[in-house]
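>>> With the sequence up front, the predicted model follows.
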Amino acid sequence: SGYHKVLEENRKLYNQVQDLKGNIRVYCRVRPFLPRQSSSMSTVGHIDDGNIMIITPSKYGKGHKSFSFNKVFGPFATQEEVFSDTQPLIRSVLDGYNVCIFAYGQTGAGKTYTMSGPKELTEESFGVNYRALNDLFHISNQRKETFCYEIAVQMIEIYNEQVRDLLTNDGPQKRYPFVKILLLLFFIPLLVNTLDIHNSSQKGLAVPNANLVPVTSTTEVIELMNIGQKNRAVSATAMNDRSSRSHSCLTIHVQGRDLASGAVLRGCMHLVDLAGSERVNKSEAKGDRLKEAQHINKSLSALGDVISALAQKSSHIPYRNSKLTQLLQDSLGGQAKTLMFVHISPEADAISETLSTLKFAERVASVELGAAQVNK
Ligand code: ADP
């Protein structure tokens with residue numbers, strides 16, 4: 001059994017090294033048909049571990065198109081399965097790495113489901129962000145003989161290139177439900193601060209003036225997420241459902257002190273639920289809607305440009321072209337590790353968005369190939 005132990009240790013080490021090689025990995029997740037939908041023909045054909053085949057109608061050159069990613073999750077994959085491949089990344093945050101996990105795809109394809117879970121949350125349906133924090137608490141507790149960890153979170157939203165803190169206090173309204181409702185309806189969208197993203201080398205925080213809340217248990221995290229989601233939802237009703245047209249980001253800051261040497265490690269993880277990637281119909285996009293669409297296009301294409309520049313090992317990486325890429329600067333490129341979950345819907349009428357989502361994802365996935373080649 002000693003021999004097996006050594007083998008197991010070696011396997012773990014090998015996996016960790018592999019994990020460090022490709023800096024960007026891309027997982028694809030297919031949403032199941034929803035109960036209310038008449039299950040029309042699915043556009044998703046064969047899926048295996050890392051490949052997905054899309055059946056294209058005649059308009060797109062009838063036939064099949066195949067795409068390859070680090071991992072493909074079919075419609076029956078559970079939240080636990082989806083998370084299990086993410087766990088090594090979580091561990092690396094405690095070792096002082098920066099990590100960025102983001103969810104990409106058209107509205108309704110399952111981004112929020114993956115990152116947070118469904119509306120009616122159960123332990124089984126917890127999304128990546130609850131599970132990630134759970135793991136961080138768990139592992140930091142396991143290491144408590146050698147390390148003392150502090151974990152704190154920020155939650156922000158980027159809407160029309162403005163950054164807002166989602167963890168603002170609801171202070172005195174607590175005692176007056178009526179006042180609270182009024183405040184929620186009218187004032188919170190105004191009270192929620194507009195913040196600047198600073199170069200994260202300042203104070204070590206990407207958004208130094210957003211509330212940074214220490215957390216020690218999953219229960220506290222759930223409470224915070226509820227506040228964050230409420231703040232986001234309130235802004236949404238006041239300004240038409242905007243949650244699908246803003247990026248939301250949960251940032252987890254970890255600081256660990258080695259009890260023997262006193263050395264301090266800092267790692268951070270951004271968990272980003274991106275705005276819907278769908279292109280708006282030109283005829284319907286006017287006024288605010290057009291402005292929103294332009295901002296979303298701008299930030300998603302800025303993200304694509306940063307990733308392309310990283311892939312080409314360009315000397316200039318254009319982080320400053322959008323708030324989103326500024327925020328993620330320390331977690332994209334360099335030693336940081338990035339994971340993108342791309343989401344697609346199986347419905348026939350989503351085919352055009354499905355294809356453009358998968359093409360964007362392939363562009364991102366090619367960065368990993370670049371990194372792997374360098375390491376060979
Ligand atoms: P998005 O965030 O991309 O707009 P949502 O996560 O809100 O999409 O998903 C749209 C709907 O589909 C929600 O009702 C959600 O609960 C459901 N859904 C998404 N993914 C899954 C899944 N893998 N299994 C079951 N239901 C899902």
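Nice, I can see it. Numbers count the residues shown, from 1 in each chain.

>>> how about the residues of the stretch 101-250 of the chain near the ligand?
Applying CB under 6 Å from any ligand atom, we find that the stretch 101-250 of the chain lies next to the ligand at 105, 107-113, 118, 244. Bear in mind the C-beta positions are built from the backbone N, C-alpha and C, glycine included.

>>> Looking at those, which is nearest Gln329?
Lys111 (21.8 Å; CB to CB).

>>> do you know how far the closest one is from His247?
10 Å (CB to CB, to the nearest Å).

>>> Need the residues touching each of these two.
Residues touching both Lys111 and His247 by CB atoms under 8 Å, 6 or more residues apart in numbering: 273-274.

>>> neighbour count winner among the two?
Lys111 (28 against 25; other CB atoms under 10 Å).

>>> residues touching the residue lying closest to the more buried one once chain neighbours are set aside, list them.
Of all residues not flanking Lys111 in the chain, Ala103 sits nearest, at 3.8 Å (CB to CB, 6 or more residues apart in numbering). Contacts for Ala103 (CB under 8 Å, 6+ apart) come out as 111-112, 114-115, 272-274, 340-341, 343.

>>> Do I have it right that Leu310 meets Leu332?
Yes - contact criterion CB atoms under 8 Å: Leu310 and Leu332 qualify, at 6.9 Å.

>>> neighbour-wise, which of those two wins?
Legend: neighbour count by other CB under 10 Å for Leu310 and Leu332, higher for Leu332 (25 against 20).

>>> In contact with that one, which residues are there?
With contact set as CB under 8 Å, 6+ apart, Leu332 has these partners: 100, 306-307, 310, 319, 325, 338.

>>> And for Phe76?
Here Phe76 is in contact with Pro32 (CB under 8 Å, 6+ apart).

>>> any idea how far it is from Asp305?
According to CB to CB, Phe76 and Asp305 sit 35 Å apart.

>>> Show me where the chain has its strands.
For the chain, applying DSSP state E gives strands covering 24-30, 44-47, 51-56, 63-68, 71-73, 98-105, 147-159, 162-165, 194-195, 213-214, 247-258, 264-273, 337-344.

>>> Let me have those in JSON lines, adding mean pLDDT as columns.
What follows is the strands of the chain, written out as JSON lines (pLDDT from 0 to 100):
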{"stretch": "strand 24-30", "mean pLDDT": "92"}
{"stretch": "strand 44-47", "mean pLDDT": "88"}
{"stretch": "strand 51-56", "mean pLDDT": "92"}
{"stretch": "strand 63-68", "mean pLDDT": "90"}
{"stretch": "strand 71-73", "mean pLDDT": "94"}
{"stretch": "strand 98-105", "mean pLDDT": "93"}
{"stretch": "strand 147-159", "mean pLDDT": "93"}
{"stretch": "strand 162-165", "mean pLDDT": "90"}
{"stretch": "strand 194-195", "mean pLDDT": "63"}
{"stretch": "strand 213-214", "mean pLDDT": "94"}
{"stretch": "strand 247-258", "mean pLDDT": "94"}
{"stretch": "strand 264-273", "mean pLDDT": "93"}
{"stretch": "strand 337-344", "mean pLDDT": "93"}
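
>>> Out of those, which gets nearest to Asn226?
Comparing the strands of the chain by CB to CB, strand 147-159 comes nearest, at 10.8 Å.

>>> centre of the chain versus the closest one, how much separation?
14 Å (CA atoms, centre = their mean, to the nearest Å).

>>> again with stretch 131-143
Going by CA atoms, centre = their mean, where stretch 131-143 is centred and where its chain is centred differ by 19 Å.

>>> Equivalent analysis for stretch 46-55, please.
The answer for stretch 46-55 is 23 Å, by CA atoms, centre = their mean.

>>> Among the residues of the stretch 101-250 of the chain next to the ligand, which are located in helices?
111-113 (DSSP state H).

>>> what bridges to the residue nearest to Lys111?
Asp273, Phe341 (DSSP bridges).

>>> need the residues of the stretch 251-376 of the chain near the ligand, please.
Counting by CB under 6 Å from any ligand atom, the stretch 251-376 of the chain sits next to the ligand at 276, 343.

>>> try 8 Å
For the stretch 251-376 of the chain, the residues in contact with the ligand (CB under 8 Å from any ligand atom) are 273, 276, 343.

>>> quick one, what contacts the closest residue to the last one other than its chain neighbours?
Leaving aside its sequence neighbours, His343 sits nearest to Gly105 (CB to CB, 6+ apart; 3.2 Å). Residues in contact with Gly105, defined by CB under 8 Å, 6+ apart, are 111, 274, 276-277, 342-344, 357.

>>> Out of these, which is nearest to Lys71?
Using CB to CB, the contacts of Gly105 come closest to Lys71 at Val342, 10.8 Å.

>>> Per-residue pLDDT of Phe360, please?
Phe360 carries a pLDDT value of 89.

>>> Distance of it relative to Ser301?
Relative to Ser301, Phe360 is positioned 9 Å away (CB to CB).

>>> Which one of these two is surrounded by more residues?
Legend: neighbour count by other CB under 10 Å for Phe360 and Ser301, higher for Phe360 (21 against 14).

>>> so what's that one closest to, chain neighbours aside?
That would be Gly304: by CB to CB, 6+ apart, it lies 6.4 Å from Phe360.

>>> what about the one you found, distance to Ser356?
Using CB to CB, one gets 11 Å for the distance from Gly304 to Ser356.
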